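Trainee: give the three-dimensional model of this entry:
(chains A and B)
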Amino acid sequence: NAGVTQTPKFRILKIGQSMTLQCTQDMNHNYMYWYRQDPGMGLKLIYYSVGAGITDKGEVPNGYNVSRSTTEDFPLRLELAAPSQTSVYFCASTQVSNQPQHFGDGTRLSIL
Amino acid sequence: AQKVTQAQTEISVVEKEDVTLDCVYETRDTTYYLFWYKQPPSGELVFLIRRNSFDEQNEISGRYSWNFQKSTSSFNFTITASQVVDSAVYFCALSDIRGSEKLVFGKGTKLTVNP
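Mentor: You can find the predicted model right below:
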């Protein structure tokens, strides 16, 4: 019962570095999402995917890229890390639209 | 545009008190879904309830209950006889039926239950 798995759990980056946050789900869900959560704020959607090969921007996509080559994996890429990207990142998935989303445990990212 | 407002940023109660968390939403859609999630201090997000816009029946699950009122665009959450383990941040969220099925979250209400 792995569900949605995110790696790494914690990471510190220097400004300008790049990295990929990994997200994989074993529930054969079509829909996958990336959110960021800033202190005192709700979750904001970065990117989402409705199936393999299909991705689209959410509310706050700038500075990020995604790909969805398989149903299971939905990595989030930061190309040039900036301090404003310090946040907790959550990946989520769901099989049927408007069903509850299953969330990973989050990745806490600090950019210094 | 869709919007979810949780006006209560933080609430502090003493154990065994009842507490209501408010959620007001805005949408132009006639069909939509409302959710509540719990985020305990450990950080994970736990699904609590989903309600569609055509079902205005109140729901009770143990000490938890939800009051959905379309007339006031509200979906409030009440915890009866609160316990220390209820301490968490609670998020209300909204999604529509079109296209992306994206969730729009409120900013959350931090509930602290003191012994």
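Trainee: distance of B:Asn76 from chain A?
Mentor: For B:Asn76, the distance to chain A equals 17 Å [Cβ to the nearest Cβ, to the nearest Å]. (Each C-beta comes from the backbone N, C-alpha and C, glycine too.)
Trainee: what is the burial count for that residue?
Mentor: The number of residues packed near B:Asn76 is 18, by other Cβ atoms under 10 Å in any protein chain shown.
Trainee: could I get the phi/psi values of it?
Mentor: Note on B:Asn76: backbone dihedrals following degrees, to the nearest 10 are phi -90, psi 150.
Trainee: that one contacts B:Cys23, correct?
Mentor: Yes. Contact between B:Asn76 and B:Cys23 holds when scored by Cβ atoms under 8 Å: they sit 6.1 Å apart.
Trainee: identify the residues contacting A:Leu21.
Mentor: Under the criterion of Cβ atoms under 8 Å, 6 or more residues apart in numbering or on different chains, the contact partners of A:Leu21 comprise A:Gln6, A:Thr7, A:Pro8, A:Trp34, A:Pro75, A:Leu76, A:Arg77, A:Leu78, A:Tyr89, A:Cys91, A:Thr107, A:Leu109.
Trainee: can you lay out those residues as a markdown table showing secondary structure and pLDDT?
Mentor: What follows is the contacts of A:Leu21, written out as a markdown table (DSSP: H, G, I helix; E, B strand; the rest coil; pLDDT from 0 to 100):
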| residue | secondary structure | pLDDT |
| --- | --- | --- |
| A:Gln6 | strand | 97 |
| A:Thr7 | strand | 96 |
| A:Pro8 | coil | 97 |
| A:Trp34 | strand | 97 |
| A:Pro75 | coil | 98 |
| A:Leu76 | strand | 98 |
| A:Arg77 | strand | 97 |
| A:Leu78 | strand | 96 |
| A:Tyr89 | strand | 98 |
| A:Cys91 | strand | 97 |
| A:Thr107 | strand | 97 |
| A:Leu109 | strand | 97 |
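Trainee: dump these to a markdown table, plus neighbour count and distance to B:Tyr37.
Mentor: As requested, those are arranged in a markdown table below (neighbours: other Cβ atoms under 10 Å in any protein chain shown; distance: Cβ to Cβ, whole Å):
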| residue | neighbour count | distance to B:Tyr37 |
| --- | --- | --- |
| A:Gln6 | 21 | 17 |
| A:Thr7 | 13 | 22 |
| A:Pro8 | 11 | 23 |
| A:Trp34 | 28 | 16 |
| A:Pro75 | 16 | 24 |
| A:Leu76 | 21 | 20 |
| A:Arg77 | 14 | 26 |
| A:Leu78 | 20 | 25 |
| A:Tyr89 | 23 | 16 |
| A:Cys91 | 27 | 15 |
| A:Thr107 | 22 | 18 |
| A:Leu109 | 20 | 21 |
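Trainee: give me the three-state assignment for the residue nearest to B:Gln39 when sequence neighbours are not counted.
Mentor: The spatial neighbour of B:Gln39 that comes closest, neighbours along the chain excluded (Cβ to Cβ, 6 or more residues apart in numbering or on different chains), is B:Val89 at 4.4 Å. Classification of B:Val89 using DSSP: H, G, I helix; E, B strand; the rest coil returns strand.
Trainee: and B:Val89, bridged to which residues?
Mentor: Here B:Val89 sits in beta bridges with B:Gln39, B:Lys110, going by DSSP bridges.
Trainee: quick one: contacts for the nearest residue in space to B:Asn76 that is not next to it in sequence?
Mentor: Distance criterion Cβ to Cβ, 6+ apart; nearest residue to B:Asn76, sequence neighbours excluded, is B:Asn67 at 4.8 Å. By Cβ under 8 Å, 6+ apart, the residues touching B:Asn67 are B:Asn58, B:Ser74, B:Phe75, B:Asn76, B:Phe77, B:Thr78.
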